[in-house]
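**Q** Build me a model from this:
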Amino acid sequence: VLTDPVFMCGATVANYVSRPFVFFMRGFPCNLHYKASQCPSPLSYTPRLFTSNSDRMTFFQRVENALVALLEFFYCESFYAEAVKFSSEVLQRDVSLLDLLNSASIWLLRFDFVFEYVRPVMPNMVFIGGINCAQKK
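**A** Numbering: from 1, shown residues only. Sure, this is the predicted structure:
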């Protein structure tokens, strides 16, 4: 099943029918795509979204990065609460957000690794950058 992870419907359906699924995405809020696939993402090195920090941060920028990461966790838990509740009802077992995301077979990431901060990724994460880019006029 080829699905977008922003809406958990595809992951829920694939788990329900016991089929592998592939996430096709540009970005995922709260760095969940790295957390779910168990990629290292240290707060002292990898800047969070919307902080406008680089990979060379001062102490206070690292503290800000850690606080943003903490807020991201609460934001994503509340954002996906209904989807997780629905998935638990459909699958007839308690599931968490990471349970749904962990079971992805392949993550097709629609961004180019050249424009991202250097970090290790798992073997099931494939960069396919430029697939949705419009030609420059």
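
**Q** what does stretch 23-37 contact?
**A** 2-6, 11, 41, 46, 48-49, 69, 72-73, 75-76, 79, 97-98, 101-102, 104, 106-111, 119, 121-122, 124-125, 132 (CB atoms under 8 Å, 6 or more residues apart in numbering). No exception for glycine: its C-beta is placed from N, CA and C like everyone else's.

**Q** Using CSV, write out the CA atom coordinates for stretch 73-81.
**A** In CSV, the C-alpha atoms belonging to stretch 73-81 read as follows (Å, rounded to 0.1, in the frame of the first residue of the first chain):
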residue,chain,number,x,y,z
PHE,A,73,6.1,15.8,21.2
PHE,A,74,3.0,17.2,22.9
TYR,A,75,1.8,18.9,19.6
CYS,A,76,2.0,15.7,17.6
GLU,A,77,0.4,13.5,20.3
SER,A,78,-2.6,15.8,20.4
PHE,A,79,-2.7,16.3,16.6
TYR,A,80,-2.8,12.5,16.0
ALA,A,81,-4.9,11.5,19.0
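
**Q** contacting residues around the lengthiest helix in the chain?
**A** As assigned by DSSP state H, the longest helix anywhere in the chain is helix 59-79. Contacts with helix 59-79, where a contact means CB under 8 Å, 6+ apart, come from 29-32, 43-44, 47-48, 50-51, 53, 57, 97.

**Q** Look at the closest residue in space to Ala11 that isn't next to it in sequence and say how many residues are nearby.
**A** With sequence-adjacent residues excluded and distances taken as CB to CB, 6 or more residues apart in numbering, Ala11 is closest to Leu100, at 4.6 Å. Leu100: 24 surrounding residues under other CB atoms under 10 Å.

**Q** ok, and for stretch 68-79, which residues are buried?
**A** Within stretch 68-79, the residues scored as buried using 16 or more other CB atoms under 10 Å are Val68, Ala69, Glu72, Cys76.
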